[in-house]
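Engineer: A predicted structure for the sequence below; I have some questions about it.
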Amino acid sequence: MIFARNLIPILARRVEKDMTTRYAVALALLAGFALGALSVPSPQAQTSPLVYYVAEIEVTNLEGYLKEYLPRAEANIKAFGGRILAAGTKVASLDGDPPKPRVTIVAWDNIEKVQVWRDSAEAKNIRRLGDRYARARAFTVEGAQ
């Protein structure tokens with residue numbers, strides 16, 4: 001009888017310890033899952049396709065173009081949310097008439113942002129400056145979804 005009396009508290013402590021360990025493990029798993037779920041960025045769906053602004057440029061005064069016009073134009077595009085994807089003179093003609101010697105491609109979130117940029121007083125002033133150093137043809141095209 002003495003043995004049974006001593007054994008019951010020992011077994012009770014062991015069962016209590018096992019339950020505490022199980023709860024701790026379950027709580028740790030739940031916390032790990034929650035932290036993992038919060039740390040994964042949610043996908044940001046693009047609601048509409050990007051708009052690409054394409055400019056073909058024939059530079060008539062390279063020094064003025066590079067020193068006065070280009071830095072201001074690039075800063076202005078970035079200030080309005082445009083992302084310059086390509087800009088340079090390594091242009092290859094594949095079919096049809098050759099492009100102008102310099103091409104620039106800028107990505108915009110939508111056509112409205114392109115219009116806001118083009119209609120801004122600063123962009124108009126920069127374009128007038130650019131007209132002194134180059135002739136350009138520009139257009140937009142909507143990207144595929």
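Structural biologist: Happy to help now that I have it.

Engineer: show me the shaky parts of this structure.
Structural biologist: Counting by pLDDT under 70, the ranges of the chain that qualify are 1-12, 14-46.

Engineer: hmm, 80 instead?
Structural biologist: Judged by pLDDT under 80, the chain has its weakly predicted residues at 1-47, 145.

Engineer: that one: helices as residue ranges?
Structural biologist: 2-39, 62-64, 70-79, 111-119, 121-133 (DSSP state H).

Engineer: any chance you could list what contacts the last one?
Structural biologist: Here helix 121-133 makes contact (C-beta atoms under 8 Å, 6 or more residues apart in numbering) with 59-62, 64-65, 68-69, 72-73, 76, 80, 117-118, 136. Any C-beta I mention is one placed from the backbone N, CA and C, and that applies to glycine too.

Engineer: swap in 6 Å and give it another go.
Structural biologist: Residues external to helix 121-133 that are found in contact with it (C-beta atoms under 6 Å, 6 or more residues apart in numbering): 61, 64-65, 69, 72-73, 76, 117.

Engineer: again with the third one
Structural biologist: For helix 70-79, contacts defined as C-beta under 6 Å, 6+ apart pick out 106, 122-123, 126.

Engineer: now do stretch 91-102
Structural biologist: Counting contacts by C-beta under 6 Å, 6+ apart, the residues outside stretch 91-102 that touch it are 56-58, 89, 103.

Engineer: how does it look with 10 Å?
Structural biologist: 54-59, 62, 65, 70, 87-90, 103, 134-137 (C-beta atoms under 10 Å, 6 or more residues apart in numbering).

Engineer: mind listing what's buried in it?
Structural biologist: Taking 16 or more other C-beta atoms under 10 Å as the basis for neighbour counts, the residues of stretch 91-102 that come out buried are 99-100, 102.
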